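Student: Structure, please.
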Amino acid sequence: MNFNSILIGSEDPQRLADFYTKLFGEPAWNQGGYIGWLIGSGAITVGPHDQVSGKNPNPGRIIWNIESADVKGDFEHFKAAGATVIKDPYKPGESDDDDGLIATFADPDDNYFQLMSPMQPDAPT
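Tutor: Numbering: from 1, shown residues only. Down below sits the predicted model:
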């Protein structure tokens, strides 16, 4: 299997499209009200959904991640583009040796997403 994409439904998909365009640039597609961007080997699409209204009442239920070699730099870009900062870059582990960082944001519908350092596979023991 291969995870392919995520679709974010909204009662105002154009507002989300405008937001994500500030973060990721011009969309790769815009068809039938569905607007999407390629991010690495995956995709994010926003579109209308008749079962969605207002802001997400449980924004932490699903958090999608974007791998970044420069979490701090991309954090500043996203912040300047208007992303709501939920949590500044932080080290997720308890060890000070952990080089990885995570930063959490919300989009205009209160959907959470994160920047995170590339995941390092565990070293063989």
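
Student: and the longest helix along the chain, what other elements does it pack with?
Tutor: Using DSSP state H to assign secondary structure, the helix with the most residues in the chain is helix 13-24. Helix 13-24 makes packing contacts with strand 34-39, strand 42-48 when contacts are defined by 3 or more C-beta pairs under 8 Å, 6 or more residues apart in numbering; DSSP states H and E. To be clear about C-beta, it is placed using only N, CA and C from the backbone, and glycine gets the same treatment.

Student: Could I get the contacting residues of Gly40?
Tutor: Residues in contact with Gly40 (C-beta atoms under 8 Å, 6 or more residues apart in numbering) are Glu67.

Student: now Gln114
Tutor: Taking C-beta under 8 Å, 6+ apart, we find Gln114 in contact with 63-66, 102-105.

Student: try it again with 7 Å
Tutor: Remark: with contacts taken as C-beta atoms under 7 Å, 6 or more residues apart in numbering, Gln114 is in contact with 63, 65-66, 102-104.

Student: Okay, buried residues for the longest helix of the chain please.
Tutor: Under the neighbour-count criterion of 16 or more other C-beta atoms under 10 Å, helix 13-24 has 13, 16-17, 19-20, 23-24 buried.

Student: What is the burial count for Val46?
Tutor: In terms of burial, Val46 registers 28 neighbours under the definition other C-beta atoms under 10 Å.

Student: Tell me which stretches of the chain form helices.
Tutor: In the chain, the segments counted as helices under DSSP H are 13-24, 71-80.

Student: quick one: contacts of the longest one?
Tutor: Outside helix 13-24, the residues within contact range by C-beta under 7 Å, 6+ apart are 8, 10, 27, 33, 35, 37, 39, 44, 46-48, 78, 81-83, 107-109.

Student: at 6 Å what do you get?
Tutor: 10, 35, 37, 46-48, 78, 81, 107-108 (C-beta atoms under 6 Å, 6 or more residues apart in numbering).

Student: and what of the shortest one?
Tutor: Residues external to helix 71-80 that are found in contact with it (C-beta under 6 Å, 6+ apart): 23, 68, 85, 89, 101, 103, 105, 115, 117.

Student: Could I get the CA-only coordinates of the longest helix of the chain as PDB?
Tutor: Output for helix 13-24, consisting of C-alpha atoms alone and laid out as PDB, is shown next (Å, rounded to 0.1, in the frame of the first residue of the first chain):
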ATOM      1  CA  PRO A  13     -13.200  25.500   0.300                       C
ATOM      2  CA  GLN A  14     -12.100  28.600  -1.600                       C
ATOM      3  CA  ARG A  15     -11.100  30.200   1.800                       C
ATOM      4  CA  LEU A  16      -8.900  27.100   2.500                       C
ATOM      5  CA  ALA A  17      -7.600  27.200  -1.100                       C
ATOM      6  CA  ASP A  18      -6.500  30.800  -0.700                       C
ATOM      7  CA  PHE A  19      -4.900  29.900   2.600                       C
ATOM      8  CA  TYR A  20      -3.000  26.900   1.300                       C
ATOM      9  CA  THR A  21      -1.900  28.700  -1.800                       C
ATOM     10  CA  LYS A  22      -0.100  31.200   0.500                       C
ATOM     11  CA  LEU A  23       1.800  28.200   2.100                       C
ATOM     12  CA  PHE A  24       2.400  25.900  -0.900                       C
END
